[in-house]
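Trainee: show me the folded form of this:
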Amino acid sequence: MRSETAALSLLSAQAVRDRSHGMLALGLDDHLPHFRIDLSRLDNAVKLVVETTWRNYPSLVIPLHSRWRHFVSNGEDRWAVIDTATRWHDDATRLHAAFDLIIISVLLDAGAGLQWHYRDPATGQAVGRSEGLALASLDMFCRGTFSSNPNEPLQADAKGLMHLSDEVLGKGLQVSSSNPLVGVSGRSDLLRRLGRVVATRPDIFGYGDNARPGHLLDHFAALAKNNEIPAARIVSELLRCLGPIWPSRFTLAGIPLGDCWRHPSLKTADAISELVPLHKLSQWIAYSLIEPLQWAGISVVDIDGLTGLAEYRNGGLFIDTGVLLFRDPADATREHDIAAPLVVEWRALTVALLDRLAEIMRRQLGMDQESLPLVKVLQGGTWFAGRLIAGQRRSDSSPPIKVISDGTVF
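Mentor: Numbering: from 1, shown residues only. Take a look at the predicted model:
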C-alpha cells in the first residue's frame, strides 16, 4: 500500500472501528500492556446503560446524540428560540448558520476540567462541562464573536475566525483565575486554524468575505445521491476538508492524520503499523450535522457507519463497571499525556466495547440496529451512565483516568 493511500485509509470511521476492534482482540488474548479485559462485567455496564436509558427516555423514543441536545437548558431549546426570533434572509442562510454554529461549538467541546463553569446570563445558573461549553459557544455565536461582519452576527467566517484571540475567547468563556478552563489557547488556535483552512479552500467554503465553514452544507448536498448521503461519507469529508486544522501530531505522505496516535501493540506489515485513528471530535461534528442536513431535505443513511465516541464518559463507564482493569493500579492516580499508549489503548477499547454493548442492549430491549442505532445508545445512554457512575465512584465526578489535554481532543 502506497503511503498516500495508507494515510487516506485512516481518515474514515471504518478505520477507527477496524483498528479499535484489533486492539480489543489483542486485549481478549491478554496481550495489551495497560489493561486487562473482563467481559463477564460487560453485563454490569449494559444494565446501567439500560436503566439510565429507561429513566431518561421512558418511551424509548430517543433523539440523536448530538450537540443540539446541549443547547437545551432548563427545558428551553435555546437554538429554537433564536431561530424563531431571527428574520433569516432565506432558508439557506439559516442552514449555513446552523452548520457554522455546530462546527464551532463542537471544536470548543473538549473537556473543560473540573473547576470551570459558565454563568448562564439567562438564568444565573453555573453550568459546567459540555453543557456549559455549549451555552457559552451559542452565546458567543449570537454576539457575533466569530463573524467579521457586524451586520451579520449569526455566522462564523474565515476572517472572524483567523482574528480570534485567546483573550476574546477566554472572555466569552468567562475564564478567570478563579474559573480556569483547560486548554483555552489550544481551543482558540484550533479555531484560527479553521479560519485559515476555510480561507484557502474556496472550492469548499466559498470566496473572500463569504468564506465560511457552514458552506460544507453545499458540499454535502452536491455529494448526496437521491437526497441521501451515508454518515461515513460525512466524516470522511470532514477529515479531508478540515484535516489541517488539527495540531501537528502525525502525518503520513504529507497528510495530517488528526486524532490519530501510536500504540506499540498494534503492529501491521504496512505503512500504518502502530497507528490508531479515533477521530472523536470529527465524528461528534458528523453526528451533530445530521439534523441540519435533514432540515435541508437530505437524509443521512447508514448512521451506524460511524463509531462510538472515544471520550472520557464512554471510556470511564467501562473502567468504573470493571470491564477494563488497570494492570498497574497506580495508573489510576497518575496523570497521563493524551498521546500516552495507556490513553490510546483505553480510547480504542472504548470504541470496540461500545459496539459490543450496543449489540447486547438491542437484544435485551427487543430492538434492532435500525430502531436503536449506536447514536441513540450513546444518547440514551452510555454518556449519561458514564457520568452517573463517575459521580458514584468519585466525589468530584472526575473520569477514572487523569488525562493531560490541550483542549483539542476530548
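
Trainee: OK, contacts around residue 13?
Mentor: 231-232, 235-236, 279, 283, 286, 305-307 (CB atoms under 8 Å, 6 or more residues apart in numbering). C-beta: built from backbone N, CA, C; applies to glycine.

Trainee: list just the nearest of the residues you listed to residue 71.
Mentor: residue 286 (17.7 Å; CB to CB).

Trainee: check which helices and strands the helix or strand harbouring that closest one sits against.
Mentor: Counting by DSSP states H and E, the element that carries residue 286 is helix 280-295. In terms of contacts (3 or more CB pairs under 8 Å, 6 or more residues apart in numbering; DSSP states H and E), helix 280-295 is packed against helix 13-28, helix 91-107, helix 216-223, helix 231-242, strand 299-301.

Trainee: buried stuff in the shortest one?
Mentor: By that I understand strand 299-301. residue 300 (16 or more other CB atoms under 10 Å).

Trainee: just checking, what packs against it?
Mentor: strand 228-230, helix 231-242, helix 280-295.

Trainee: how about the ones you listed, which one is nearest residue 77?
Mentor: helix 280-295 (12.0 Å).

Trainee: so for that closest one, mean pLDDT?
Mentor: Regarding helix 280-295, the rounded mean pLDDT is 97.

Trainee: same check on stretch 155-170?
Mentor: The model assigns stretch 155-170 a mean pLDDT of 98.

Trainee: direction included, what does the one helix or strand residue 118 maps to pair against?
Mentor: Residue 118 is part of strand 117-119 when elements are defined by DSSP H and E. With DSSP bridges as the test, strand 117-119 is paired with strand 126-128 (antiparallel).

Trainee: now the partner strand: buried residues?
Mentor: residue 127.

Trainee: before we move on, what about stretch 27-39?
Mentor: Applying 16+ other CB under 10 Å to stretch 27-39 flags 27, 32, 34-35, 37 as buried.

Trainee: and for stretch 176-196?
Mentor: Buried, per 16+ other CB under 10 Å, within stretch 176-196: 181-184, 186-195.

Trainee: which two in the residues you listed are spaced the farthest apart?
Mentor: Farthest pair in the buried residues of stretch 176-196, by CB to CB: 182 and 195, 22.2 Å.

Trainee: quick one: pLDDT of residue 85?
Mentor: 97.

Trainee: can you give me the distance of it to residue 199?
Mentor: Distance of residue 85 to residue 199, computed by CB to CB, to the nearest Å: 31 Å.

Trainee: how many residues are close by residue 395?
Mentor: 7 (other CB atoms under 10 Å).

Trainee: helix, strand, or coil at it?
Mentor: coil (DSSP: H, G, I helix; E, B strand; the rest coil).

Trainee: for it, give me phi and psi.
Mentor: phi -60, psi -30 (degrees, to the nearest 10).

Trainee: which residues touch it?
Mentor: Residue 395 neighbours (CB under 8 Å, 6+ apart): none.

Trainee: sorry, back to before: for residue 399, which of the helices and strands packed on strand 299-301 is the nearest?
Mentor: helix 280-295 (14.0 Å).

Trainee: picking up where we left off before, need the helices and strands packed on strand 299-301 in TSV (columns: mean neighbour count).
Mentor: Listed next are the helices and strands packed on strand 299-301 as TSV, based on neighbours: other CB atoms under 10 Å:
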stretch	mean neighbour count
strand 228-230	18
helix 231-242	22
helix 280-295	23
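
Trainee: from residue 152, how far off is residue 141?
Mentor: 12 Å.

Trainee: between these two, who's got more neighbours?
Mentor: residue 141 (24 against 15).

Trainee: mind checking which helix or strand the more buried one is in?
Mentor: Per DSSP H and E: helix 129-142 holds residue 141.

Trainee: give me the helices and strands touching the helix or strand just after that helix, please.
Mentor: Downstream of helix 129-142, the next assigned helix or strand under DSSP H and E is helix 158-162. In this structure, helix 158-162 makes packing contacts with helix 184-200, judged by 3+ CB pairs under 8 Å, 6+ apart.

Trainee: residues in contact with the helix it packs on?
Mentor: 103-104, 107-108, 110, 146, 157-166, 168-170, 173, 175, 205, 211-213, 241-242, 244-247, 406-408.

Trainee: 6 Å instead?
Mentor: 107-108, 158, 161-162, 164, 166, 169-170, 175, 205, 211, 213, 244-245, 406-408 (CB atoms under 6 Å, 6 or more residues apart in numbering).

Trainee: ranges for the strands of the stretch 301-410 of the chain?
Mentor: For the stretch 301-410 of the chain, applying DSSP state E, counting those that start in this stretch gives strands covering 324-326, 335-337, 402-404.

Trainee: residue 349 is nearest to which of those?
Mentor: Closest among the strands of the stretch 301-410 of the chain, using CB to CB: strand 324-326, at 6.2 Å.

Trainee: quick one: average pLDDT of the closest one?
Mentor: 98.

Trainee: so which bits of that strand are buried?
Mentor: 324, 326.

Trainee: one step back: how about JSON lines for the helices and strands packed on strand 299-301, with distance to residue 267 added?
Mentor: Shown next, in JSON lines, are the helices and strands packed on strand 299-301 (distance: least, CB to CB, whole Å):
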{"stretch": "strand 228-230", "distance to residue 267": "31"}
{"stretch": "helix 231-242", "distance to residue 267": "24"}
{"stretch": "helix 280-295", "distance to residue 267": "23"}
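
Trainee: for residue 332, find the nearest of these.
Mentor: helix 280-295 (21.9 Å).

Trainee: what's in contact with the closest one?
Mentor: 64-68, 95, 98-99, 102-103, 106, 234-235, 238-239, 259, 300, 306, 309-311, 375, 410.
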